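> One predicted model, sequence on top.
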Amino acid sequence: MPIPSKKSSLKISEEEEENGITEALIPGLPNDVAELCLLRVPYPYQTLVRSVSASWNKAITHPGFLLSKKNLSLSLPFIFVFAFKKSTARMQWQALDPRSGRWFVLPSMPLPNDDVSLSPSSFACASLPRHGKLFVLGGMRSDTCSPMQSTVVYHASTNQWSEATPMLSPRSYFEAGEINGEIFAVGGSDATGEAITSVERYDHVTDTWKASAKLPAALARYSSAVVGGKLCVTEGWTWPFMFSPRGSTYDPDSDTWREMKAGMREGWTGVSVVVGDRLLVISEHGDCPMKVYNPDEDTWQYVEGEKFPCDALRRPFSAIGLDGLIYVVSSGLYVGIGKLYVDVGEGLGKKGITVKVEWQVVPAPNAFRGFAPSSCQLLYA
(Lines give C-alpha, C1' and ligand atoms only; values in the text may rest on other atoms or scores of the structure.)
Protein backbone atom coordinates (compact mmCIF):
# COMPACT_ATOMS: atom_id res chain seq x y z
CA MET A 1 0.00 0.00 0.00
CA PRO A 2 1.49 3.38 -0.94
CA ILE A 3 2.27 5.73 1.94
CA PRO A 4 0.57 9.12 1.55
CA SER A 5 2.95 12.00 1.18
CA LYS A 6 3.12 14.65 3.89
CA LYS A 7 1.55 17.14 1.52
CA SER A 8 -1.45 14.96 0.76
CA SER A 9 -1.91 13.87 4.38
CA LEU A 10 -2.15 17.46 5.57
CA LYS A 11 -4.68 18.46 2.95
CA ILE A 12 -7.99 19.54 4.46
CA SER A 13 -11.14 18.67 2.55
CA GLU A 14 -14.00 21.11 1.99
CA GLU A 15 -16.20 19.00 4.23
CA GLU A 16 -13.66 19.17 7.06
CA GLU A 17 -13.38 22.93 6.65
CA GLU A 18 -17.16 23.20 6.95
CA ASN A 19 -16.97 21.19 10.19
CA GLY A 20 -14.42 23.65 11.55
CA ILE A 21 -11.34 21.43 11.15
CA THR A 22 -8.67 23.61 9.56
CA GLU A 23 -5.52 21.70 10.47
CA ALA A 24 -4.30 18.13 10.46
CA LEU A 25 -5.59 16.15 13.45
CA ILE A 26 -2.40 14.06 13.62
CA PRO A 27 0.56 15.32 11.58
CA GLY A 28 1.62 12.76 8.99
CA LEU A 29 -1.77 11.04 8.81
CA PRO A 30 -4.80 11.77 6.65
CA ASN A 31 -7.59 13.21 8.78
CA ASP A 32 -9.92 10.29 8.05
CA VAL A 33 -7.32 7.90 9.49
CA ALA A 34 -6.65 10.22 12.43
CA GLU A 35 -10.37 10.35 13.16
CA LEU A 36 -10.49 6.56 13.37
CA CYS A 37 -7.77 6.78 16.02
CA LEU A 38 -9.79 9.30 18.02
CA LEU A 39 -12.91 7.16 17.71
CA ARG A 40 -11.11 4.36 19.55
CA VAL A 41 -10.28 6.46 22.59
CA PRO A 42 -12.33 4.88 25.41
CA TYR A 43 -14.75 6.77 27.62
CA PRO A 44 -14.16 8.95 29.60
CA TYR A 45 -10.68 9.81 28.28
CA GLN A 46 -12.35 11.74 25.47
CA THR A 47 -12.47 14.69 27.89
CA LEU A 48 -8.67 14.68 27.99
CA VAL A 49 -8.53 14.30 24.22
CA ARG A 50 -10.58 17.47 23.78
CA SER A 51 -7.98 19.45 25.71
CA VAL A 52 -5.08 18.44 23.42
CA SER A 53 -5.83 20.92 20.65
CA ALA A 54 -8.59 23.01 19.11
CA SER A 55 -8.81 20.66 16.11
CA TRP A 56 -9.22 17.60 18.35
CA ASN A 57 -11.88 19.38 20.37
CA LYS A 58 -13.84 20.32 17.24
CA ALA A 59 -13.53 16.82 15.81
CA ILE A 60 -14.65 14.97 18.92
CA THR A 61 -17.58 17.31 19.65
CA HIS A 62 -18.91 17.25 16.09
CA PRO A 63 -22.32 15.46 15.83
CA GLY A 64 -20.90 13.12 13.20
CA PHE A 65 -18.29 11.83 15.68
CA LEU A 66 -20.82 10.08 17.92
CA LEU A 67 -22.68 8.77 14.87
CA SER A 68 -19.46 7.28 13.49
CA LYS A 69 -18.73 5.68 16.86
CA LYS A 70 -22.14 4.00 16.81
CA ASN A 71 -21.88 2.87 13.20
CA LEU A 72 -18.49 1.29 13.85
CA SER A 73 -19.81 -0.40 17.05
CA LEU A 74 -17.04 1.22 19.07
CA SER A 75 -19.29 2.32 21.96
CA LEU A 76 -18.90 0.20 25.10
CA PRO A 77 -21.32 -0.21 28.03
CA PHE A 78 -20.67 1.58 31.32
CA ILE A 79 -22.64 1.40 34.58
CA PHE A 80 -23.62 4.83 35.88
CA VAL A 81 -24.51 5.14 39.58
CA PHE A 82 -26.33 8.01 41.26
CA ALA A 83 -25.28 7.96 44.92
CA PHE A 84 -25.51 10.15 48.00
CA LYS A 85 -23.67 10.41 51.31
CA LYS A 86 -26.01 9.67 54.17
CA SER A 87 -24.31 12.01 56.65
CA THR A 88 -24.28 15.08 54.40
CA ALA A 89 -26.83 14.29 51.63
CA ARG A 90 -24.07 15.08 49.13
CA MET A 91 -25.02 13.74 45.68
CA GLN A 92 -22.56 12.32 43.18
CA TRP A 93 -22.62 10.48 39.86
CA GLN A 94 -19.91 7.98 39.00
CA ALA A 95 -19.36 5.52 36.14
CA LEU A 96 -18.00 1.99 36.41
CA ASP A 97 -16.10 0.34 33.59
CA PRO A 98 -17.25 -3.29 34.02
CA ARG A 99 -14.28 -4.58 32.03
CA SER A 100 -11.52 -3.03 34.14
CA GLY A 101 -13.39 -2.34 37.38
CA ARG A 102 -12.32 1.32 37.25
CA TRP A 103 -14.54 4.12 38.50
CA PHE A 104 -14.80 7.64 37.06
CA VAL A 105 -16.51 10.53 38.85
CA LEU A 106 -18.78 12.68 36.66
CA PRO A 107 -19.06 16.48 36.79
CA SER A 108 -21.63 17.90 39.21
CA MET A 109 -25.20 18.25 38.00
CA PRO A 110 -26.49 21.78 37.26
CA LEU A 111 -28.90 21.98 40.19
CA PRO A 112 -31.16 25.02 40.79
CA ASN A 113 -29.06 26.60 43.56
CA ASP A 114 -25.98 25.30 45.28
CA ASP A 115 -27.29 26.44 48.66
CA VAL A 116 -30.61 24.61 48.30
CA SER A 117 -30.96 21.39 50.27
CA LEU A 118 -32.26 18.58 48.07
CA SER A 119 -33.54 15.11 48.89
CA PRO A 120 -31.43 12.61 46.86
CA SER A 121 -34.02 9.83 46.81
CA SER A 122 -36.73 12.16 45.49
CA PHE A 123 -35.22 12.26 41.99
CA ALA A 124 -36.06 9.78 39.22
CA CYS A 125 -33.42 8.65 36.72
CA ALA A 126 -33.60 7.07 33.27
CA SER A 127 -31.32 6.65 30.27
CA LEU A 128 -31.18 6.22 26.52
CA PRO A 129 -28.26 3.74 26.42
CA ARG A 130 -27.51 3.79 22.68
CA HIS A 131 -27.78 7.59 22.53
CA GLY A 132 -25.36 8.02 25.43
CA LYS A 133 -27.83 10.19 27.38
CA LEU A 134 -28.68 10.09 31.06
CA PHE A 135 -31.72 11.89 32.53
CA VAL A 136 -32.31 13.15 36.08
CA LEU A 137 -35.88 14.30 36.63
CA GLY A 138 -37.81 16.20 39.29
CA GLY A 139 -36.66 15.99 42.90
CA MET A 140 -37.61 17.81 46.07
CA ARG A 141 -36.23 20.68 48.12
CA SER A 142 -35.71 19.42 51.66
CA ASP A 143 -36.11 22.87 53.22
CA THR A 144 -39.59 23.55 51.79
CA CYS A 145 -40.64 20.01 50.74
CA SER A 146 -41.40 21.50 47.32
CA PRO A 147 -41.17 19.13 44.32
CA MET A 148 -39.32 20.28 41.21
CA GLN A 149 -40.02 19.77 37.52
CA SER A 150 -36.48 20.05 36.14
CA THR A 151 -35.00 17.83 33.42
CA VAL A 152 -31.21 17.51 33.51
CA VAL A 153 -29.36 15.57 30.80
CA TYR A 154 -25.86 14.07 30.84
CA HIS A 155 -24.13 13.57 27.48
CA ALA A 156 -21.51 10.83 27.52
CA SER A 157 -20.00 12.08 24.26
CA THR A 158 -18.89 15.34 25.89
CA ASN A 159 -18.94 14.37 29.59
CA GLN A 160 -21.18 17.36 30.24
CA TRP A 161 -24.60 18.13 31.73
CA SER A 162 -27.24 20.39 30.24
CA GLU A 163 -30.73 21.52 31.20
CA ALA A 164 -33.64 20.44 28.99
CA THR A 165 -37.32 21.38 28.87
CA PRO A 166 -38.87 20.94 32.34
CA MET A 167 -41.58 18.36 32.94
CA LEU A 168 -45.19 19.44 32.65
CA SER A 169 -45.69 19.25 36.42
CA PRO A 170 -43.45 19.19 39.51
CA ARG A 171 -43.08 15.75 41.08
CA SER A 172 -40.92 13.86 43.54
CA TYR A 173 -40.54 10.23 44.67
CA PHE A 174 -41.74 8.84 41.35
CA GLU A 175 -40.61 6.35 38.70
CA ALA A 176 -39.07 6.88 35.27
CA GLY A 177 -38.22 4.51 32.45
CA GLU A 178 -37.35 4.31 28.77
CA ILE A 179 -39.61 2.71 26.17
CA ASN A 180 -38.92 2.88 22.43
CA GLY A 181 -36.59 5.86 22.80
CA GLU A 182 -38.93 7.94 24.98
CA ILE A 183 -38.61 8.73 28.69
CA PHE A 184 -41.70 8.23 30.87
CA ALA A 185 -42.29 9.93 34.24
CA VAL A 186 -44.93 8.13 36.32
CA GLY A 187 -46.80 9.14 39.47
CA GLY A 188 -45.06 10.51 42.54
CA SER A 189 -46.00 13.30 44.95
CA ASP A 190 -47.18 16.84 44.25
CA ALA A 191 -46.57 20.11 46.10
CA THR A 192 -49.02 19.13 48.86
CA GLY A 193 -47.36 15.77 49.41
CA GLU A 194 -50.33 13.92 47.93
CA ALA A 195 -49.80 11.00 45.54
CA ILE A 196 -50.59 11.81 41.90
CA THR A 197 -51.62 9.70 38.93
CA SER A 198 -50.36 11.86 36.08
CA VAL A 199 -47.94 10.39 33.52
CA GLU A 200 -45.88 12.22 30.91
CA ARG A 201 -43.45 11.24 28.18
CA TYR A 202 -40.37 13.00 26.83
CA ASP A 203 -39.10 13.10 23.25
CA HIS A 204 -35.37 13.79 23.40
CA VAL A 205 -35.20 14.67 19.68
CA THR A 206 -37.71 17.53 19.91
CA ASP A 207 -37.01 18.24 23.61
CA THR A 208 -40.73 18.19 24.44
CA TRP A 209 -42.95 16.64 27.11
CA LYS A 210 -46.55 15.58 26.57
CA ALA A 211 -49.20 13.96 28.75
CA SER A 212 -49.97 10.23 28.59
CA ALA A 213 -52.77 8.14 30.04
CA LYS A 214 -52.98 8.46 33.82
CA LEU A 215 -52.31 5.67 36.28
CA PRO A 216 -55.51 3.88 37.33
CA ALA A 217 -54.69 4.68 40.97
CA ALA A 218 -52.05 6.57 42.93
CA LEU A 219 -49.52 4.29 44.59
CA ALA A 220 -48.03 4.57 48.07
CA ARG A 221 -44.52 3.71 46.89
CA TYR A 222 -43.03 2.85 43.52
CA SER A 223 -40.96 0.20 41.84
CA SER A 224 -40.86 -0.29 38.10
CA ALA A 225 -39.29 -2.22 35.24
CA VAL A 226 -39.61 -2.25 31.46
CA VAL A 227 -40.25 -5.81 30.28
CA GLY A 228 -41.12 -6.73 26.71
CA GLY A 229 -41.63 -3.10 25.69
CA LYS A 230 -44.16 -2.47 28.48
CA LEU A 231 -43.71 -0.46 31.67
CA CYS A 232 -44.64 -2.35 34.83
CA VAL A 233 -45.22 -0.17 37.91
CA THR A 234 -46.01 -1.54 41.36
CA GLU A 235 -46.01 -0.60 45.02
CA GLY A 236 -44.09 -3.77 45.76
CA TRP A 237 -44.07 -5.45 49.14
CA THR A 238 -42.70 -3.62 52.16
CA TRP A 239 -41.22 -5.81 54.88
CA PRO A 240 -42.96 -6.87 57.06
CA PHE A 241 -45.66 -7.97 54.61
CA MET A 242 -48.82 -6.22 55.80
CA PHE A 243 -50.73 -5.06 52.73
CA SER A 244 -51.33 -6.57 49.31
CA PRO A 245 -49.57 -4.37 46.74
CA ARG A 246 -51.20 -2.75 43.73
CA GLY A 247 -49.69 -2.56 40.27
CA SER A 248 -50.37 -1.65 36.64
CA THR A 249 -48.80 -2.32 33.24
CA TYR A 250 -48.56 0.34 30.55
CA ASP A 251 -48.73 -0.33 26.80
CA PRO A 252 -47.15 2.61 24.92
CA ASP A 253 -48.64 1.58 21.57
CA SER A 254 -52.22 1.96 22.78
CA ASP A 255 -51.43 4.48 25.56
CA THR A 256 -53.41 2.39 28.04
CA TRP A 257 -52.93 0.89 31.49
CA ARG A 258 -54.19 -2.47 32.68
CA GLU A 259 -54.09 -4.13 36.06
CA MET A 260 -50.89 -6.03 36.70
CA LYS A 261 -51.27 -9.80 36.91
CA ALA A 262 -51.86 -10.96 40.48
CA GLY A 263 -48.89 -13.32 40.56
CA MET A 264 -46.52 -10.68 39.28
CA ARG A 265 -47.42 -8.03 41.83
CA GLU A 266 -47.71 -10.45 44.77
CA GLY A 267 -44.21 -11.79 44.15
CA TRP A 268 -42.54 -8.42 43.53
CA THR A 269 -40.83 -8.39 46.93
CA GLY A 270 -37.70 -6.35 46.38
CA VAL A 271 -35.38 -4.50 44.02
CA SER A 272 -36.16 -5.37 40.40
CA VAL A 273 -33.73 -5.92 37.52
CA VAL A 274 -34.31 -6.98 33.92
CA VAL A 275 -31.79 -9.23 32.17
CA GLY A 276 -32.67 -9.84 28.54
CA ASP A 277 -36.41 -10.42 28.69
CA ARG A 278 -36.42 -11.83 32.23
CA LEU A 279 -37.66 -9.90 35.27
CA LEU A 280 -35.90 -10.71 38.53
CA VAL A 281 -36.16 -9.33 42.07
CA ILE A 282 -33.71 -9.36 44.96
CA SER A 283 -35.94 -9.73 48.00
CA GLU A 284 -35.84 -7.15 50.76
CA HIS A 285 -36.14 -9.67 53.59
CA GLY A 286 -34.03 -12.42 55.13
CA ASP A 287 -30.88 -13.37 53.25
CA CYS A 288 -32.09 -11.56 50.11
CA PRO A 289 -33.19 -14.53 47.99
CA MET A 290 -33.47 -13.80 44.27
CA LYS A 291 -36.48 -14.80 42.16
CA VAL A 292 -37.28 -14.82 38.45
CA TYR A 293 -40.75 -14.22 37.00
CA ASN A 294 -42.43 -16.70 34.64
CA PRO A 295 -44.95 -14.67 32.54
CA ASP A 296 -46.56 -17.76 30.99
CA GLU A 297 -47.63 -19.12 34.38
CA ASP A 298 -47.72 -15.79 36.28
CA THR A 299 -45.48 -17.28 38.95
CA TRP A 300 -42.08 -16.64 40.51
CA GLN A 301 -39.39 -19.23 41.14
CA TYR A 302 -36.25 -18.95 43.21
CA VAL A 303 -32.97 -18.61 41.37
CA GLU A 304 -30.66 -21.53 42.10
CA GLY A 305 -26.91 -21.54 42.53
CA GLU A 306 -24.95 -19.36 44.91
CA LYS A 307 -26.70 -17.33 47.59
CA PHE A 308 -26.80 -13.59 47.34
CA PRO A 309 -23.64 -12.24 49.09
CA CYS A 310 -25.56 -10.21 51.67
CA ASP A 311 -22.61 -10.20 54.09
CA ALA A 312 -20.62 -8.07 51.63
CA LEU A 313 -23.50 -6.25 49.93
CA ARG A 314 -25.56 -4.23 52.40
CA ARG A 315 -28.83 -2.43 51.74
CA PRO A 316 -29.85 -0.21 50.05
CA PHE A 317 -29.47 -1.83 46.64
CA SER A 318 -29.73 -0.59 43.10
CA ALA A 319 -29.39 -2.94 40.15
CA ILE A 320 -29.03 -3.08 36.37
CA GLY A 321 -28.81 -5.97 33.88
CA LEU A 322 -26.34 -6.28 31.00
CA ASP A 323 -25.34 -9.16 28.69
CA GLY A 324 -26.54 -11.94 31.00
CA LEU A 325 -25.04 -10.26 34.08
CA ILE A 326 -26.65 -8.54 37.05
CA TYR A 327 -24.81 -5.60 38.58
CA VAL A 328 -25.98 -4.86 42.12
CA VAL A 329 -24.59 -1.69 43.72
CA SER A 330 -24.87 -1.63 47.50
CA SER A 331 -24.02 0.60 50.44
CA GLY A 332 -20.47 1.93 50.11
CA LEU A 333 -20.80 1.30 46.36
CA TYR A 334 -19.59 -2.28 46.62
CA VAL A 335 -20.71 -4.08 43.46
CA GLY A 336 -22.01 -7.62 43.19
CA ILE A 337 -21.78 -9.16 39.73
CA GLY A 338 -24.14 -12.08 39.20
CA LYS A 339 -23.72 -14.29 36.15
CA LEU A 340 -26.95 -15.98 35.09
CA TYR A 341 -27.17 -19.47 33.60
CA VAL A 342 -30.46 -20.57 32.04
CA ASP A 343 -31.10 -24.29 31.49
CA VAL A 344 -34.11 -25.40 29.45
CA GLY A 345 -34.98 -29.05 30.00
CA GLU A 346 -37.87 -31.46 29.62
CA GLY A 347 -39.71 -32.57 32.71
CA LEU A 348 -43.11 -34.13 33.35
CA GLY A 349 -44.04 -33.74 29.68
CA LYS A 350 -43.32 -30.03 29.51
CA LYS A 351 -40.36 -27.73 29.29
CA GLY A 352 -38.77 -26.69 32.56
CA ILE A 353 -36.55 -23.62 32.90
CA THR A 354 -33.93 -23.44 35.63
CA VAL A 355 -32.07 -20.21 36.33
CA LYS A 356 -28.82 -20.32 38.27
CA VAL A 357 -26.45 -17.58 39.39
CA GLU A 358 -22.80 -17.22 40.39
CA TRP A 359 -21.66 -14.15 42.33
CA GLN A 360 -18.50 -12.05 42.43
CA VAL A 361 -18.03 -9.04 44.72
CA VAL A 362 -15.97 -6.01 43.63
CA PRO A 363 -14.91 -3.76 46.54
CA ALA A 364 -15.33 -0.01 46.08
CA PRO A 365 -12.63 2.64 46.47
CA ASN A 366 -12.24 4.00 50.00
CA ALA A 367 -13.39 7.39 48.72
CA PHE A 368 -16.89 5.97 48.23
CA ARG A 369 -17.27 4.91 51.84
CA GLY A 370 -20.44 6.39 53.29
CA PHE A 371 -22.18 6.64 49.91
CA ALA A 372 -25.41 4.79 49.19
CA PRO A 373 -26.82 4.11 45.71
CA SER A 374 -30.07 5.70 44.57
CA SER A 375 -30.15 4.62 40.91
CA CYS A 376 -28.20 2.54 38.38
CA GLN A 377 -28.28 3.30 34.66
CA LEU A 378 -26.60 1.87 31.58
CA LEU A 379 -24.99 3.96 28.84
CA TYR A 380 -22.89 3.09 25.78
CA ALA A 381 -20.01 5.54 25.48
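Structure received. Numbers count the residues shown, from 1 in each chain.
> where does the stretch 201-350 of the chain have low pLDDT?
Within the stretch 201-350 of the chain, the segments meeting pLDDT under 70 span 238-242, 345-350.
> where along it do the strands fall?
Counting by DSSP state E, counting those that start in this stretch, the stretch 201-350 of the chain has strands at residues 208-212, 223-227, 230-234, 247-251, 256-259, 270-275, 278-283, 290-294, 299-302, 304-305, 318-322, 325-329, 335-347, 350-362.
> who's in contact with residue 145?
residue 193 (Cβ atoms under 8 Å, 6 or more residues apart in numbering). (C-beta placed from N, C-alpha, C; glycine too.)
> Could you report the separation of it from residue 118?
To residue 118, residue 145 is 11 Å away according to Cβ to Cβ, to the nearest Å.
> So which of the strands of the stretch 201-350 of the chain is nearest residue 312?
Residue 312 lies closest to strand 350-362 among the strands of the stretch 201-350 of the chain, at 4.6 Å (Cβ to Cβ).
> Now that closest one: buried residues?
355, 357, 359, 362 (16 or more other Cβ atoms under 10 Å).
> Can you report how many residues lie near the closest residue to residue 298 other than its chain neighbours?
Distances taken as Cβ to Cβ, 6 or more residues apart in numbering put residue 263 closest to residue 298, at 3.5 Å, once the chain neighbours are dropped. The local packing of residue 263 (other Cβ atoms under 10 Å) involves 15 other residues.
> isn't residue 263 right up against residue 296?
No - the criterion here is Cβ atoms under 8 Å, and residue 263 misses it with residue 296 at 10.8 Å.
> that older thread, can you put the buried residues of strand 350-362 in JSON lines and add distance to residue 27 and pLDDT?
Putting the buried residues of strand 350-362 into JSON lines (distance: Cβ to Cβ, whole Å; pLDDT from 0 to 100) gives the following:
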{"residue": "355", "distance to residue 27": "55", "pLDDT": "93"}
{"residue": "357", "distance to residue 27": "52", "pLDDT": "96"}
{"residue": "359", "distance to residue 27": "50", "pLDDT": "97"}
{"residue": "362", "distance to residue 27": "41", "pLDDT": "93"}
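> ok, these vs residue 158, which is closest?
Scanning the buried residues of strand 350-362 for proximity to residue 158, where the rule is Cβ to Cβ, the winner is residue 362, at 27.8 Å.
> How about the contacts made by the residue lying closest to that closest one once chain neighbours are set aside?
In this structure, residue 362 finds its nearest non-sequential neighbour in residue 335, 4.4 Å apart by Cβ to Cβ, 6+ apart. Neighbour list for residue 335: 79, 96, 327, 328, 329, 361, 362, 364 [criterion: Cβ under 8 Å, 6+ apart].
> burial count for the residue lying closest to the fourth one once chain neighbours are set aside?
Closest residue to residue 328 apart from its sequence neighbours, by Cβ to Cβ, 6+ apart: residue 336 at 4.2 Å. Using other Cβ under 10 Å as the criterion, residue 336 is surrounded by 21 other residues.
> Kindly state the beta-bridge partners for residue 336.
Beta bridges link residue 336 to residue 328, residue 361 when assigned by DSSP bridges.
> Pretty sure it sits against residue 307.
No - Residue 336 is beyond contact range of residue 307, at 11.3 Å (criterion: Cβ under 8 Å).
> which residues do these two both contact?
Common neighbours of residue 336 and residue 307 (Cβ under 8 Å, 6+ apart) are residue 359.
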